[in-house]
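Colleague: Give me a model of this one.
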Amino acid sequence: MTTTLTPEQIVERNLGVVDAHFHSENPEDIDNAIALYGDSIVWEVPARGVLLRDKAAVKDAYLKIFESYQIHSLTPIRRFGSGNFVVDDTVAELTLVGDVERNVPGCPLPAGTKVSMRIVHIFELDDEGRIIRENGYELWRPAEGPIDDDIPADAPTIRFDRTRPPRAGPGPRIRHRCPGGGPGGYAAALYGSAAGLSVASSRKPAWEEPACIGAASRQRSSSRRRRSSARWPGPRNSVFRPASPPST
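Modeller: Numbers count the residues shown, from 1 in each chain. The predicted structure follows:
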């Protein structure tokens, strides 16, 4: 199929697809995330030795991750596209819970560890805008450090704790209040439109939306019916668009 899109439109479309994929990374909407893959998918997490080529296996991997990641905060650093590729760079503060050995195979840290994970995603999309490769490069670091990330001064930090005070450092502090008081899960909260929270929008700010997904809610059956995924603004308000791709 021959595309009539300009190179700029292709990048814009691909950024929107990746944004929608991240938005759907939660237990309720995971089928929507998988639906954005092409006929084939390569899903790779090199740091943990994980390589999957089956969409059903990728869905199962996500559902297990949701059970063991309790996300406390996210600091989106940058997201950009070039050609058929999209790159996203984020820091996630989380606590590992549950059966980590089963749910996060190859994870170098045990359950109960507070983690500051620097994670870079590289997506490849086909000519129709379907994701055909998703690589997640995870840098596992105990939250107590040492950590010295070069984070832009205006990068927002989106929080999902009720009681934990904001950390010191650059950028605005945005606090999510989850129903039930538990930390938010991996889910739509993990990325969604985080990369564009500083972009002006007439729509309701993402940090005013409820988010309480994943392990914290799943641990209590009585709260399962109350889970809701964060409804981030759409891709047009939510992607990081530098003037040009960074030089290599």
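Colleague: which residues of this protein score low on pLDDT?
Modeller: 1-3, 161-248 (pLDDT under 70).
Colleague: what about the strands in it?
Modeller: Under the criterion DSSP state E, the chain contains strands at 37-45, 50-52, 69-82, 85-96, 114-125, 131-139, 157-159, 173-175, 184-185.
Colleague: Deepest in the core, which of these is it.
Modeller: Among the strands of the chain, the stretch with the highest mean neighbour count (mean count of other Cβ atoms under 10 Å) is strand 184-185, at a mean of 32. In short, each C-beta sits where N, CA and C put it, glycine included.
Colleague: picking up where we left off before, in a markdown table, list the strands of the chain along with distance to residue 10.
Modeller: Shown next, in a markdown table, are those (distance: least, Cβ to Cβ, whole Å):
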| stretch | distance to residue 10 |
| --- | --- |
| strand 37-45 | 15 |
| strand 50-52 | 26 |
| strand 69-82 | 8 |
| strand 85-96 | 11 |
| strand 114-125 | 9 |
| strand 131-139 | 14 |
| strand 157-159 | 29 |
| strand 173-175 | 31 |
| strand 184-185 | 32 |
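Colleague: Can you name the residues in contact with stretch 102-112?
Modeller: If you take Cβ atoms under 8 Å, 6 or more residues apart in numbering as the criterion, stretch 102-112 is touched by 45, 47-50, 64-65, 67-69, 95-101, 115, 140, 142.
Colleague: Could you tell me the end-to-end distance of that stretch?
Modeller: Across stretch 102-112, the terminal residues are separated by 15 Å (Cα to Cα, to the nearest Å).
Colleague: Report the buried residues of that stretch.
Modeller: 103, 104, 107 (16 or more other Cβ atoms under 10 Å).
Colleague: Can you tell me which of these is nearest residue 9?
Modeller: Residue 9 lies nearest to residue 104 out of those, by Cβ to Cβ, at 37.3 Å.
Colleague: any idea how far that closest one is from residue 30?
Modeller: Residue 104 sits 16 Å away from residue 30, going by Cβ to Cβ, to the nearest Å.
Colleague: go on, residue 143?
Modeller: On the measure of Cβ to Cβ, residue 143 and residue 30 end up 27 Å apart.
Colleague: what do you get for residue 62?
Modeller: From residue 62 to residue 30 the distance is 5 Å (Cβ to Cβ).
Colleague: Can you show me the helices along the protein?
Modeller: Counting by DSSP state H, one finds helices in the chain at the ranges 7-23, 30-35, 55-68, 100-103, 187-190, 215-218.
Colleague: what angle do the third one and strand 85-96 make?
Modeller: Spelled out, that is helix 55-68. 40 degrees (axes from the mean of the first three to the mean of the last three Cα atoms, to 10 degrees).
Colleague: tell me which residues of helix 55-68 are tucked away?
Modeller: 55, 58, 59, 61, 62, 64, 65, 66, 67, 68.
Colleague: same thing with the first one?
Modeller: Judged by neighbour count using 16+ other Cβ under 10 Å, the buried positions of helix 7-23 are 10-23.
Colleague: So which elements touch it?
Modeller: With contacts taken as 3 or more Cβ pairs under 8 Å, 6 or more residues apart in numbering; DSSP states H and E, helix 7-23 sits against helix 30-35, strand 69-82, strand 85-96, strand 114-125, strand 131-139, helix 187-190.
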